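Asks: coordinates only, sequence not included:
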């Protein structure tokens, strides 16, 4: 399958990716990942090994799209909802030792 990663065309195959990743120890996954064989690899590590490019030259999305099209299972981090901000008065009223009104 032909895909473009960091403006460079690559002809990738599932068997080619499997062969490239054989013997490569997975780094700790902290973001998006690709399941290759029975191992979970960070998507940037896969992109670097498969393309030979520096990780800073391509986005995780480019590699995720290519790996998905090849049939690999890709995992993305769920978006985290922003935490609700407390007002200063809410924080103060929750503090121990605050005088009670009454």
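Replies: On my side now, so go ahead. On a predicted model such as this, the values are computed, not experimentally measured, just so you know. Numbering: from 1, shown residues only.
Asks: give me phi/psi at residue 11?
Replies: Torsion angles at residue 11 (phi, psi; degrees, to the nearest 10) stand at phi -100, psi 100.
Asks: who's in contact with stretch 45-55?
Replies: When contacts are defined by CB atoms under 8 Å, 6 or more residues apart in numbering, stretch 45-55 is touched by residues 5-6, 8, 10, 12, 16-17, 20-21, 24, 26-27, 34, 36, 44, 58, 60, 62-63, 67. No exception for glycine: its C-beta is placed from N, CA and C like everyone else's.
Asks: and residue 25, which of the three is it?
Replies: Of the three states, residue 25 takes coil according to DSSP: H, G, I helix; E, B strand; the rest coil.
Asks: count the neighbours of it for me.
Replies: Per other CB atoms under 10 Å, the neighbour tally for residue 25 reads 7.
Asks: now the residue nearest the centre of the chain. Nearest residue, chain neighbours left out?
Replies: Centroid check for the chain by CA atoms, centre = their mean gives residue 32 as the closest residue, at 1.7 Å. Leaving out its chain neighbours, the residue that sits closest to residue 32 by CB to CB, 6 or more residues apart in numbering is residue 43, at 4.4 Å.
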